[in-house]
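Enquirer: quick one, structure for this:
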Amino acid sequence: MSNSIIQTINSDAEKIAAAIIDSINYGENPPLGKLIGWLEDNLRSQIDLKHIDLGSTPVCGLTYHVFSKDMYVVRVDKTNPYTRQKFTVAHELGHIIGDLQLTAIAGYFDGELENVKSGLERFCNRFAAAYLMPPEIFKRIWSMSGDKNSTQITKMLYVASRFGVSEEAARYRAIELGLLNYSKRDNDRN
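Expert: Numbers count the residues shown, from 1 in each chain. Now for the predicted structure:
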């Protein structure tokens, strides 16, 4: 997938998350319940979210649309830590947004089916990060997270606790926002 497509996907996810946060008129930590309500109101579809044991499946969550009931079903693995479940819910809700008019799939299709999947997954990850950790608020909290002698790990732990996300999610977000340097050996996300 080209860098320009990746930049477009990232930008779209950030813009959509920001627009939803503005629409629900919520401040620092927009709750997932507000996002679910916004989606249900705007899609005129029900979202059935349940935390279940997904057993040995290699996924943390899944989403599908039941057309006959005009309902989205979201399942999240309850055996994962709370912070992982929270990010997974936001990621899965990103799939619902990506499903709208199939924009995320049609908009990023370059002829390679694997790129559709990776493009949609990238969108959902970036959307979840942008919704749970809005950029300006993240940057403000990051800057207040310690004095000049604070380590990056101390800052990440502080920010992660403020947003209720994992240290890993806070680290990726700090990298995305240019607050930490990306290191291939530390980050195998792409």
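
Enquirer: phi first, then psi, for the closest residue to Thr154 other than its chain neighbours.
Expert: Leaving aside its chain neighbours, Thr154 sits nearest to Gly146 (5.5 Å; criterion: C-beta to C-beta, 6 or more residues apart in numbering). Quick note: C-beta positions are derived from backbone N, CA and C, even for glycine. Per-residue torsions, Gly146: phi 150, psi 180 (degrees, to the nearest 10).

Enquirer: repeat for Leu93
Expert: phi -70, psi -30.

Enquirer: now do Val66
Expert: Torsion angles at Val66 (phi, psi; degrees, to the nearest 10) stand at phi -100, psi 100.

Enquirer: for it, the count of nearby residues, please.
Expert: 12 (other C-beta atoms under 10 Å).

Enquirer: residue contacts, the residue nearest to the spatial centre of the chain?
Expert: The chain has Ala128 as the residue nearest its centroid, 1.3 Å off, counting by C-alpha atoms, centre = their mean. Counting by C-beta atoms under 8 Å, 6 or more residues apart in numbering, Ala128 touches 87, 90-91, 93-94.

Enquirer: that one belongs to a helix?
Expert: Yes. Ala128 forms part of a helix when assessed by DSSP: H, G, I helix; E, B strand; the rest coil.

Enquirer: how close does it get to Val159?
Expert: 16 Å (C-beta to C-beta, to the nearest Å).
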